[in-house]
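here is my input, please return the structure:
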Amino acid sequence: MAAYREFRITRSDQIRALAVPARQEIIDALLCSGPSTVADIAAFLGRPADSLYFHIRILKRLGLVVRAESRRPGGREEKVYDVPGRPMRIDYDLGDRRISAGIVKAIGAMLRITRRDFNDAVDGGTAAVDGLYRALWGARVKGWITKPELKGVNRRLNEICRIMLSPERRRGSGLHSFTFVITPIEPNTRERTQERRAKNRESRQRKEERAVDGRPRRFLKKSRTK
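Sure thing, here's the model as predicted:
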């Protein structure tokens, strides 16, 4: 396996692209399996290869997927793709509204994937749900932690990510998915969110009432009823 450097996802268009769950799953497949053909990725995801080409082209154009060496099985050339670095991390810039909005959508897509994976594991009915080898676990906790404790939490999360991001299949290993969200609960956050949503609703209403051929839409609707 080639040596990699960490790849930072910094551009708003790159982050917005990750709002589509299928694109995150393609990147997951490459992170887990290493350089792969479209057929390899399709087999890993259990999806038809034809459904992936469009997303791979977008990821490649944005630099989130790169071309690796080609394979020639039976004299036929197959394109091989890989990620540009390991691990891949999104740079959070909460001062840039385009980036922060993209992060929210990307995390939303991540949680949709997690919900589907969790449902599939529950339906499978065979995952360990207690003990030292527990593999199916969902939880949400809220509590008070100090800065030293937060530092310890982040250290442990980074260690988990380091273990999970190894592309090598070690003896006895099994494929698992790990998703977490950690967020501060700031005073008045809910009130600010409600105010922002109210402003967005007012903005949409103003756009709907914007003049069409010099006449607001609400007046056009009234004129049609005469």
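
contacts only, for the closest residue to Leu64 other than its chain neighbours.
Computed as C-beta to C-beta, 6 or more residues apart in numbering, the closest residue to Leu64 that is not its neighbour in sequence is Gln14, at 5.9 Å. Bear in mind the C-beta positions are built from the backbone N, C-alpha and C, glycine included. With contact taken as C-beta atoms under 8 Å, 6 or more residues apart in numbering, Gln14 is in contact with Leu62, Gly63, Leu64.

of these - the most surrounded one?
Leu64 (24 neighbours; other C-beta atoms under 10 Å).

burial measure for the closest residue to Gly174 other than its chain neighbours, as a count.
Distance criterion C-beta to C-beta, 6+ apart; nearest residue to Gly174, sequence neighbours excluded, is Ala135 at 7.8 Å. The number of residues packed near Ala135 is 13, by other C-beta under 10 Å.

same question, Val66
When neighbours are counted by other C-beta under 10 Å, Val66 comes out with 16.

that one contacts Gly85, doesn't it?
No - Val66 lies out of contact with Gly85 (C-beta atoms under 8 Å); the separation is 9.3 Å.

make sure Ile26 is actually in contact with Ile56.
Yes - between Ile26 and Ile56 there is a contact under C-beta under 8 Å: 6.3 Å.

need the overlap of contacts for those two.
Ile41, Val65.

between those two, which is the more surrounded one?
Higher neighbour count among Ile26 and Ile56: Ile26, with 27 against 20, using other C-beta under 10 Å.

look at the more buried one and report its pLDDT.
With respect to pLDDT, Ile26 has a value of 98.

how far away is it from Arg140?
Here Ile26 is placed at a distance of 28 Å from Arg140 (C-beta to C-beta, to the nearest Å).

and if you look at Thr193?
Applying C-beta to C-beta to Thr193 and Arg140 gives a distance of 19 Å.

show me the chain divided up by domain.
7-127, 189-224 (automatic domain parsing).

low-confidence ranges in the chain?
1-3, 72-75, 167, 189-190, 210-226 (pLDDT under 70).

would you map the helices across it?
12-17, 21-33, 38-45, 53-61, 97-124, 147-164, 189-208, 217-224 (DSSP state H).

what distance separates the shortest one from the centre of its chain?
A distance of 11 Å separates the centroid of the chain from that of helix 12-17, by C-alpha atoms, centre = their mean, to the nearest Å.

and for stretch 93-113?
On C-alpha atoms, centre = their mean, the centre of stretch 93-113 falls 9 Å from that of its chain.

which residues sit against it?
Stretch 93-113 is contacted by residues 10, 12, 15-16, 18-21, 24-25, 90-92, 177, 179, 181 when judged by C-beta under 8 Å, 6+ apart.

can you tell me which two in the residues you listed are farthest apart?
With C-beta to C-beta as the measure, no two of those lie farther apart than Ser12 and Ser177, at 26.4 Å.

the more surrounded of those two?
Between Ser12 and Ser177, counted using other C-beta under 10 Å, the more crowded position is Ser12 (17 against 14).

now Glu186: how far from Leu94?
From Glu186 to Leu94 the distance is 12 Å (C-beta to C-beta).

what of Gly46?
Taken as C-beta to C-beta, the span from Gly46 to Leu94 is 36 Å.

TSV for the contacts of Gln14, including distance to Asp120?
Listed next are the contacts of Gln14 as TSV, based on distance: C-beta to C-beta, whole Å:
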residue	distance to Asp120
Leu62	29
Gly63	31
Leu64	25
